[in-house]
Structures are given as C-alpha cells and as structure tokens.
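J.: just a sequence and a predicted model for now, questions to come.
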Amino acid sequence: MTQYSQVEKELGLKEDSVSLWGDFVVSVANVAPSSSVAYTLAILVAFAGHIAPLAVLIVGLMMFFCSVGYASLNRWRAHAGAPYIWVGEAVTPSVGVGTGLLNVAVSTFANVGNITLAGAYLLFVVAPTGDTFSNPVTWIVATAVMGVLAYLSIRGIRPSVRMQWIFVFIEYSAMISFVVLALIHEASHAGGATLPSIHDFAFSGAVHGIGGFTGLAKAAVPCGFLYLGWEATAVLGEESTQRKINPGRAMMMGTLFLTFWYTFLIVVFEGVSSQKNVLANGTNVLNYAGQLLVPGFWGRALPLAVLVAVIGTCQIQMTEPSRVLYALARDKLIPKVFGLISKKHQTPWAGLIILASIPPILLIPYLANSSANHAIGDIISADGMIGLFMYFVVALASVWFYRDHLRHSAGKLFALGIIPLVGGLLMGAVFFYGLTTQAHVVSWVAVIILVIVFALGFVIRALRPNSPYFLAQKERREHNIKGSSEVES
C-alpha cells in the first residue's frame, strides 16, 4: 500500500451520503438552466439569429462526449480532488495540481457572476416596478444569501442535496408552466412571436441557416458557457454510493438531459417575441417574457425560477471547490486550513467559509467603482473561457490515460478514445476560437489565469516535494504502475 493510499484511508469525507439521483441533481443544478438561458439567450440570438438551437444541440452533445471521459477516469479513482488526481496520473503531477487549481478558479469566479445576476432577478421578484436597490442593500442581501448557503453546506452534503431538490422542483415547475404559456402565445404570432420550427436547426441557407462552420463557431462560444458546471459531481466520489460508478453516470445523464432541455428552452423562448425585443432585453429577457406571458404578480414566477436557480448554483459552486481544496490540503499541497473538517458533519467547514466570503468581498469594488466593475466583469467573462479549457484538458487526459486499452476492441476505441477525444478537441477549438472573438481584455485575462494556475502547479511541486501526492506519483512511476491497469474491466 502506498503512502498516498494510507492517507486517503485515514482522512475522508462522509461516505455513502449521495445517491445516483443526488449526483444527477448536483450536476444539473450547478449548470442552472434557467439562469444560464437568461444570461445567454440574447447573446446567442445576436450571434446566430433565430437558429441558435442548432449550436446549442451540437455543443451539448460535445459536452456529453467530454463527460464520457470524466466517467471513465472516475472508474479508476473516485476522489474529492478528482481533476488533479486524474490529470496528474495521466500527464504529470504538476499539470494535475494546476488543473485542480483551475477547477477551483472556474467555480469561484462563476460565483462572483452568480451574485451579480441574482441581484437583478431578486429586484424584479420583490419590486418589479422599476425601482432600484442601493448598492449597500444589494451587498447585504448577497452576503446574507452566501452566509445561509455556507451554513447549509457546512451542515452536510445530504441536507445540501435535499435543498437542491427543492430548488430544482421550484425552477422546473415554473419553467415548464411558462413553456406551455409561451407556446400558446407563439401560436398567435402576436408581437412578432414565432413557433418553433425545424428550420431553426438548418446548418446553412440564406434565411434560416446558421451560416455554416463560421456561424457555428461564433455561436459555439456562448453555447460553451451555457453548459459550464456539469462536472461538479466528479468531486463527490468519496461521498457517493457506488463511488466509482454513480458520479460518472450522473455526469453523462446530466449533460445529455441538459443538451435536450437547453435546446428546447432556447427554441421556445427565442420566439416569444421579435428578435429586436429579445436583443433589447439582454440578460433580463426572461423577466420580459414573464411579464409578456403573465402580466402582473404571477409574471414574477419566471424570474423567481431564475433566482432560485442562481441561488442553487451558488451553493454547489462553493461545494465543488471546497472538496478540491480539501483534497489538496489533505495531500499537504496547500495550507492545512482548507483541510479542516467538521467532526459532526464531516464537511470542510473552513474552506466553505472562505469560498463563501470571496464573492461578497469582490462585490464591494464591483458595486463601488466603475473601473473595478469592468475589471471584475472581465474576470467573470474570462471564467467561461477557462472552463472550456478545463474540459479540453481533462477529456484529452482521459484518452491518454486509457491509451493502452484502445487497441483491445472497437468498443473501447470508440468509448475510451474517439468519443472523449472529439468532445475535448471541440472544447479546445471553441476556447482558442473564443480567444480571437472575445474582447481582447477578456482573452488576456483568460490566458493570464491559465498561466497562473499551471505555474502554481510547478511552484507547489518545487515547494512541497515530500507531499504524499508527489511521493505516491514518484513511487508509481518508479514501479511502472499505470492507473489504467487498475481499472476493472
């Protein structure tokens, strides 16, 4: 038994706490379909007109392909620090640590964006008359929300997942109701409304086409942002039932479900009014749709669904990085404060508090200063880019990890090689294409974040060479032990 395995046995989170369906709801809730559609719909229409569903469908299927790679790595080892453990084994330990830090950065920066988006929808639910909250009130509300979510998360993964079920029920009940109302409204063609059509999925053509590969590439960048977060359940392996099976299944189920749900939502809500009106309402498009379909009090149900989705995502995007930081601390790679565990609830309480504090802290300059507002906005925009790069790295790492298996059978070549390779390469292509189409400052911020996290991976290896993680990797390589050979057939 390696030193690493001994450490993993001595320290751990609460086992068998999350079922397959719990893993699934975490994967879906972290993507927050309602809020993602609200944030992305206008951008998609701007890029691709009323044919964005094709891009949503294609990118979603590529995300599913990436999830197949994640699931195959989970069959080797279920771990709270899954990203850095997997990539470290497949590539090098330093790149693995950098990938773990990248995962933490993606979730944490996304949460900063979440609480800024939550403000607009909370305002509309509470006071849809057009009044605005003062910046101090906005900050107090956001801080209170993060505090409550941190408290709930510290109390355990089970109550956290139960709360996510409640959030999902509220969100989907509202969204399904408004989908029905939207289709009825679109059948009347009032105000430029149009019903969904098979032409929405045309690849080329003067009227309905997406514009060939160029149009698809442009629309794929915001579509990639749309799906960010489905991988959250990967780090719950130590807390899941059937730990080597369920998290992987949940990620594949989540991405496949989200692909068709997103495509359906986009094709419905993009036709709720004229393209001009959809664009004019930007990220508040679901507020607009809610009042258009059900004027008055009940029209708030749609923005309420968005608000609930954002709050649910905030919780999972604290939970996900808290597990990665906990695992890094357990391996003595980062300060031990992140590895402090609640004896009663078996959750990384200190890490959760720190992660819950970061968004409110960054919200202060965001609200107080226009320059800081732009700077933090650039970080939030770059977050989607670095998320795509993370999927690219892990999916390709999974192919390299199983390279010795690919010649065993056509089935393994397809499932372990071709599928994750295609998905990962598309994520990489979207990332690099995005660098050329995003604002220069956003592209530079994305590149700088990536350089920092991977440079830190090498710095940590130099500073902590006797970490159980690095010692175990060295031992495995000296004895030519390959993780892929440990996977049960």
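T.: Looks like it came in fine.

J.: contacts only, for the residue most central in space within the chain.
T.: For the chain, the residue nearest the mean C-alpha position is Gly229 (1.3 Å; Cα atoms, centre = their mean). By Cβ atoms under 8 Å, 6 or more residues apart in numbering, the residues touching Gly229 are 27, 30-32, 107, 110, 313, 316-317, 387. C-beta: built from backbone N, CA, C; applies to glycine.

J.: what about the longest helix in the protein?
T.: helix 93-126 (DSSP state H).

J.: so for that helix, mean pLDDT?
T.: Mean pLDDT, helix 93-126: 83.

J.: do I have it right that Gly339 meets Tyr326?
T.: Yes: counting by Cβ atoms under 8 Å, Gly339 touches Tyr326, with 5.5 Å between them.

J.: ranges for the helices of the stretch 351-489 of the chain?
T.: 370-401, 410-412, 419-437, 440-463, 468-478 (DSSP state H, counting those that start in this stretch).

J.: by how many degrees do the fourth one and helix 468-478 diverge?
T.: This points to helix 440-463. Angle, helix 440-463 to helix 468-478, by axes from the mean of the first three to the mean of the last three Cα atoms, to 10 degrees: 80 degrees.

J.: SS state for Thr194?
T.: coil (DSSP: H, G, I helix; E, B strand; the rest coil).

J.: return the residues in contact with the residue lying closest to it once chain neighbours are set aside.
T.: Leaving aside its sequence neighbours, Thr194 sits nearest to Gly271 (Cβ to Cβ, 6 or more residues apart in numbering; 4.1 Å). Shown in contact with Gly271 (Cβ under 8 Å, 6+ apart): 50, 182, 186, 193-196.

J.: where along the stretch 151-300 of the chain do the helices fall?
T.: Under DSSP H, counting those that start in this stretch, the stretch 151-300 of the chain gives helices at 157-188, 212-226, 246-269, 275-281, 285-293.

J.: which one of those lies closest to Ile115?
T.: helix 157-188 (15.7 Å; Cβ to Cβ).

J.: now for the closest one, which elements pack on it?
T.: The helices and strands touching helix 157-188, judged by 3 or more Cβ pairs under 8 Å, 6 or more residues apart in numbering; DSSP states H and E, are helix 20-31, helix 33-48, helix 135-154, helix 246-269, helix 285-293, helix 301-330.

J.: pick the most deeply packed of those helices.
T.: helix 301-330 (a mean of 27; mean count of other Cβ atoms under 10 Å).

J.: run the angle between that helix and helix 157-188 for me.
T.: 150 degrees.

J.: returning to what we had before: can you pick the most crowded of the contacts of Gly271?
T.: Highest neighbour count within the contacts of Gly271: Ala182, with 24 neighbours (other Cβ atoms under 10 Å).

J.: so it touches Val267, yeah?
T.: No: taking contacts as Cβ under 8 Å, Ala182 lies outside contact range of Val267: 10.4 Å.

J.: list the contacts of Asn191.
T.: Check again: residue 191 is Gly, not Asn. 273-274, 277, 292.

J.: can you say which of those residues are buried?
T.: 273, 277, 292 (16 or more other Cβ atoms under 10 Å).

J.: let me have those in TSV, adding pLDDT and distance to Leu13 as columns.
T.: Below are those laid out as TSV (pLDDT from 0 to 100; distance: Cβ to Cβ, whole Å):
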residue	pLDDT	distance to Leu13
Ser273	77	47
Asn277	75	48
Leu292	78	46
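
J.: now the residue nearest to Thr194: how far from Ile176?
T.: According to Cβ to Cβ, to the nearest Å, Gly271 stands 17 Å off from Ile176.

J.: Phe260: which of the helices of the stretch 351-489 of the chain is closest?
T.: Judging the helices of the stretch 351-489 of the chain by Cβ to Cβ, what sits closest to Phe260 is helix 419-437, at 16.7 Å.

J.: against which helices or strands is that closest one packed?
T.: Here helix 419-437 touches helix 52-76, helix 212-226, helix 370-401, helix 440-463, going by 3+ Cβ pairs under 8 Å, 6+ apart.

J.: and those helices: which comes nearest Pro335?
T.: helix 440-463 (11.3 Å).

J.: now do the closest one against helix 419-437, angle only.
T.: Using the same axes, to 10 degrees, helix 440-463 lies at 130 degrees relative to helix 419-437.

J.: pull the residues that contact helix 440-463.
T.: Contacts for helix 440-463 (Cβ under 8 Å, 6+ apart): 93-99, 101-102, 105, 333-334, 378-379, 381-382, 385-386, 389, 434-436, 438, 470.

J.: Tyr402 touches Ile418, doesn't it?
T.: No: assessed by Cβ under 8 Å, Tyr402 is found out of contact with Ile418, at 11.6 Å.

J.: for these two, work out which one has more neighbours and name it.
T.: It is Tyr402, of Tyr402 and Ile418, that has more neighbours when counted by other Cβ under 10 Å, with 26 against 15.

J.: which residue sits closest to the more buried one, ignoring its sequence neighbours?
T.: Leu416 (4.2 Å).

J.: just put the helices of the stretch 351-489 of the chain in CSV and tack on mean neighbour count.
T.: Formatted as CSV, the helices of the stretch 351-489 of the chain follow (neighbours: other Cβ atoms under 10 Å):
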stretch, mean neighbour count
helix 370-401, 21
helix 410-412, 11
helix 419-437, 20
helix 440-463, 17
helix 468-478, 18
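
J.: can you check the pLDDT for Phe169?
T.: Value listed for Phe169 in the pLDDT field: 88.

J.: do Gly212 as well
T.: 64.

J.: circling back to that earlier point, ramachandran angles for the residue nearest to the centre of the chain?
T.: phi 120, psi -10 (degrees, to the nearest 10).

J.: a markdown table for the contacts of Gly271, including distance to Asn74 and pLDDT?
T.: What follows is those, written out as a markdown table (distance: Cβ to Cβ, whole Å; pLDDT from 0 to 100):
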| residue | distance to Asn74 | pLDDT |
| --- | --- | --- |
| His50 | 39 | 52 |
| Ala182 | 38 | 85 |
| Glu186 | 41 | 84 |
| Ala193 | 44 | 78 |
| Thr194 | 42 | 80 |
| Leu195 | 41 | 80 |
| Pro196 | 36 | 77 |
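
J.: can you list contacts of stretch 374-383?
T.: By Cβ under 8 Å, 6+ apart, stretch 374-383 touches 105-106, 109-110, 112-113, 116, 228, 362, 365-366, 438-439, 441-443, 445-446, 449.

J.: quick one on the thing from earlier: out of the buried ones among the contacts of Gly191, flag the one nearest to Leu236.
T.: Nearest to Leu236 among the buried ones among the contacts of Gly191, with distances taken as Cβ to Cβ, is Leu292, at 39.2 Å.

J.: how far away is the residue nearest to Thr194 from Pro196?
T.: Taken as Cβ to Cβ, the span from Gly271 to Pro196 is 6 Å.

J.: find the residues that touch each one of those two.
T.: Counting by Cβ under 8 Å, 6+ apart, the residues touching both Gly271 and Pro196 are Glu186.

J.: give me the average confidence score over stretch 79-90.
T.: 96.

J.: run the chain-centre distance for that stretch.
T.: Here stretch 79-90 is found 18 Å from its chain centre; the criterion is Cα atoms, centre = their mean, to the nearest Å.
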